[in-house]
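Student: generate a structure from the sequence data that follows.
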Amino acid sequence: MQQRVLIAGCGYVGTALAAHLAADGHSVFGLRRTLVHMPAGVTPIAADLTEPASLTALPTGLDSVVYAAAADGRSEASYRRAYVDGPAYLLRHLEDRGERLQRFVLVSSTGVYGHSDGSWVSEETPTQSRGTGAVLEEGERHCLASPYPTAVLRLGGIYGPGRRGLIDRVLAGAAGCPQGPPIYTNRIHLEDIVAAIEHLLIVPNPREVYLGVDHEPADTCTVAHWLAAATGAPAPHPEAPPAVRANKRCRNDRLLESGFRFRYPTFREGYTQVLGELGLLKNS
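Tutor: As a prediction, the model looks like this:
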């Protein structure tokens, strides 16, 4: 069934999602602070989610909303504007004008978990959140308290076409390998993010929270060494472990149980796609 969908925040994830939904025939509206070129079939909307007066520009008769805005900095104040104030203003505006959404999806982050001991976490795990993580969790609670059927997708580290920071560090021989116990990272490819959000827009009776990560939490050194071998770059150099670093292993069981299937189940398949697109695979 075709829907009228608002993507509130068309950055890296939101723009890719908007393009995919529009290609599938949905009526898609892409919100950004300033009018910029949008993918084919996406109607641009200029509005600032932190300025309630600007939200009068939003279309009516919406079926679904995806909140995919990102903070413009790393401070708690920046996170509060993006993940607490923005959703609050948007939801209040939608309620005040009587919108009857079928689904509201909030794109959040596994940064809500404050774990640093490499332990496994799931949607049921107490978050131990603090700092910006606590702000993220506050925003989640506000959205889940709205009158609309809401699903929160907590994403791990996002990678995919156009994001090559780690790849460039490896190619330049600047990638480090922290010594000591493993430091686990959790990732998800852009294409799987888009597919997961689309899945949550239509899955019947969604749970409140899902972890958006692939099947394999991977040690930092494992990923860097794999990229070096795949590209023929120098092996990562040993370095001292960071004084403070998030270190957890996220489970994706709930997302899988809902019927979702990953195109890129681990970083190997995902980075093979990215490297192949860039022509950087050593044996291609």
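
Student: what helix or strand is the nearest residue to Arg32 once chain neighbours are set aside on?
Tutor: Excluding its sequence neighbours, the residue lying closest to Arg32 (C-beta to C-beta, 6 or more residues apart in numbering) is Cys10, at 5.0 Å. Every C-beta, even on glycine, is put in place using the N, C-alpha and C of the backbone. Under DSSP states H and E, no helix or strand contains Cys10.

Student: pretty sure Cys10 is touching Gly30, no?
Tutor: Yes: with contact defined as C-beta atoms under 8 Å, Cys10 counts as touching Gly30 (4.1 Å).

Student: tell me, what's touching the two both at once?
Tutor: Common neighbours of Cys10 and Gly30, using C-beta atoms under 8 Å, 6 or more residues apart in numbering, are Ala18, Met38, Val42.

Student: my guess is the last one contacts Leu17. True?
Tutor: Yep, that's Val42 we're talking about. No: shown here, Val42 and Leu17 do not form a contact pair, counting by C-beta under 8 Å, at 9.8 Å.

Student: between these two, which one's more packed in?
Tutor: Shown here are Val42 and Leu17; by other C-beta atoms under 10 Å, Leu17 has more neighbours (30 against 24).

Student: let me know the secondary structure of the more buried one.
Tutor: Put simply, Leu17 is helix when judged by DSSP: H, G, I helix; E, B strand; the rest coil.

Student: surely it meets Glu198?
Tutor: Yes: using C-beta under 8 Å, Leu17 is in contact with Glu198, at 7.3 Å.

Student: show me where the stretch 101-250 of the chain has its strands.
Tutor: Listed in chain order, the strands of the stretch 101-250 of the chain (DSSP state E, counting those that start in this stretch) span 103-109, 119-121, 150-155, 157-159, 176-178, 184-185, 187-189, 209-212, 218-219, 237-239, 248-250.

Student: can you put these in a markdown table and add mean pLDDT, distance to Gly279 and mean neighbour count?
Tutor: Listed next are the strands of the stretch 101-250 of the chain as a markdown table, based on pLDDT from 0 to 100; distance: least, C-beta to C-beta, whole Å; neighbours: other C-beta atoms under 10 Å:
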| stretch | mean pLDDT | distance to Gly279 | mean neighbour count |
| --- | --- | --- | --- |
| strand 103-109 | 98 | 31 | 25 |
| strand 119-121 | 97 | 37 | 16 |
| strand 150-155 | 98 | 28 | 25 |
| strand 157-159 | 98 | 17 | 19 |
| strand 176-178 | 93 | 25 | 18 |
| strand 184-185 | 96 | 25 | 22 |
| strand 187-189 | 98 | 18 | 25 |
| strand 209-212 | 98 | 29 | 24 |
| strand 218-219 | 96 | 24 | 20 |
| strand 237-239 | 94 | 25 | 11 |
| strand 248-250 | 98 | 32 | 22 |
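
Student: now for those, which one comes closest to Ala47?
Tutor: strand 103-109 (16.9 Å; C-beta to C-beta).

Student: sorry, back to before: who touches both of Val42 and Leu17?
Tutor: Among the neighbours of Val42, those also in contact with Leu17 (C-beta under 8 Å, 6+ apart) are Ile7.

Student: residues touching Gly86, list them.
Tutor: Counting by C-beta under 8 Å, 6+ apart, Gly86 has contacts Ala8, Gly9, Leu49, Thr50, Tyr67, Ala69.

Student: element containing it, please.
Tutor: Here Gly86 sits within helix 86-96, counting by DSSP H and E.

Student: what angle sits between that helix and strand 150-155?
Tutor: 160 degrees (axes from the mean of the first three to the mean of the last three C-alpha atoms, to 10 degrees).

Student: quick check: Arg187 touching Arg163?
Tutor: No: Arg187 lies out of contact with Arg163 (C-beta under 8 Å); the separation is 10.8 Å.

Student: where does the closest residue in space to Val203 that isn't next to it in sequence land on pLDDT?
Tutor: Closest residue to Val203 in three dimensions, ignoring its sequence neighbours and counting by C-beta to C-beta, 6+ apart: Ser258, at 5.4 Å. On the pLDDT scale, Ser258 is placed at 98.

Student: and for Pro265, the neighbour number?
Tutor: Number of residues near Pro265 (other C-beta under 10 Å) recorded here: 15.

Student: what is the burial count for the nearest residue to it once chain neighbours are set aside?
Tutor: Closest residue to Pro265 apart from its sequence neighbours, by C-beta to C-beta, 6+ apart: His215 at 4.5 Å. Neighbourhood size, His215 [other C-beta under 10 Å]: 14.
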